[in-house]
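A.B. asks: just coords:
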């Protein structure tokens, strides 16, 4: 099923994902959350720029300058290895969070089977990034 770009919005994508047996949560105008294998991430639809942004924010450590330094280095190394997926480190309320993002363009429509495959790919890459680059750092 290919959705024309003028029909793409949060609700149509969420409904298509539910039909593909993907756990969709909290559907709003600009996006929703998805749960795949106990990992939650956000799906944000930018209709103006015809893009979908996948984003995972993972609580990774207590804040300290040393932890932040080590995690920023790990994030930079991850960004060198992973094509199209960007990781960054955020600090909020004395905690350090890992943010992983992936952007999909749909200016020529959205192939839903490919999008479902992209979601599963993002999930696997995010888990691998956490496991391989961040778990043993702090």
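C.D. replies: Done, it's in. Just so it is clear, the structure is predicted and the values come from calculations on it, not from any experiment. Residues are numbered from 1 along each chain as shown.
A.B. asks: could you list the low-confidence segments of the protein?
C.D. replies: 82-83 (pLDDT under 70).
A.B. asks: which residue is nearest the centroid of it?
C.D. replies: Against the mean C-alpha coordinate of the chain, by CA atoms, centre = their mean, the closest residue is residue 55 at 2.7 Å.
A.B. asks: so what touches the helix or strand that one falls within?
C.D. replies: Element membership for residue 55, per DSSP states H and E: strand 51-62. For strand 51-62, contacts defined as CB atoms under 8 Å, 6 or more residues apart in numbering pick out 13, 39-46, 67, 71, 89-90, 94-106, 110, 115, 118-119, 122, 126, 130, 134, 138. (Glycine included, C-beta is placed from N, CA and C.)
A.B. asks: so what are the sheet partners of that strand and their directions?
C.D. replies: strand 39-46 (antiparallel), strand 95-105 (antiparallel) (DSSP bridges).
A.B. asks: what kind of secondary structure is residue 74 in?
C.D. replies: Assigned with DSSP: H, G, I helix; E, B strand; the rest coil, residue 74 falls in the helix class.
A.B. asks: contacts only, for it.
C.D. replies: Residues in contact with residue 74 (CB under 8 Å, 6+ apart) are 133, 134, 137.
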